[in-house]
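Engineer: below: sequence and its predicted model.
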Amino acid sequence: IRAIIAEREQQLHAVSQEISGLKTVMDIFNNLHEQLVKKKDKINQSMELHKGFVSPLWSLPDEILSNIFVHCLPNDKHLSLAQNEAPVLLTRVCQKWRKVAVNTSELWYKLHLN
């Protein structure tokens, strides 16, 4: 009987150690979960902030956007196809801007081709 009791005590001790180890692992995962939730919340806040910056541009009518684009042109008499200047740069922002820029003839009539 003493041998059985000793064996059971060893088993209980082993199970107790396993439970302790699992609690440690759970604490690690809970801490990681909290960190991920905080990171997700920061990303959501950032997304909301950026939506606020972008949304008015999406609601502008094409005609107004077109007029703004014309005012973005450099003051040079002849425009070039430089990728980092209007009018080409305006076509690289998003699909809507590309459509408006391509359809705005005032952006292209001064274009100088070598």
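Structural biologist: Good, I have the coordinates.
Engineer: domains of this protein?
Structural biologist: 1-59, 60-114 (automatic domain parsing).
Engineer: now mean pLDDT too, for these, in CSV please.
Structural biologist: Below are the domains of the chain laid out as CSV (pLDDT from 0 to 100):
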stretch, mean pLDDT
domain 1-59, 91
domain 60-114, 87
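Engineer: most neighbours per residue, which of those domains?
Structural biologist: domain 60-114 (a mean of 13; mean count of other Cβ atoms under 10 Å). From N, CA and C alone the C-beta is placed, and that goes for glycine too.
Engineer: mind checking what secondary structure R98 has?
Structural biologist: helix (DSSP: H, G, I helix; E, B strand; the rest coil).
Engineer: got a list of what the residue nearest to it when sequence neighbours are not counted touches?
Structural biologist: Spatial nearest neighbour of R98, chain neighbours left out: T91 (4.5 Å); criterion: Cβ to Cβ, 6 or more residues apart in numbering. For T91, the contacting residues are 97-98, 101-102, by Cβ atoms under 8 Å, 6 or more residues apart in numbering.
Engineer: and the closest residue to K99 other than its chain neighbours, how close does it get to V15?
Structural biologist: Leaving aside its sequence neighbours, K99 sits nearest to D62 (Cβ to Cβ, 6+ apart; 7.8 Å). According to Cβ to Cβ, to the nearest Å, D62 stands 71 Å off from V15.
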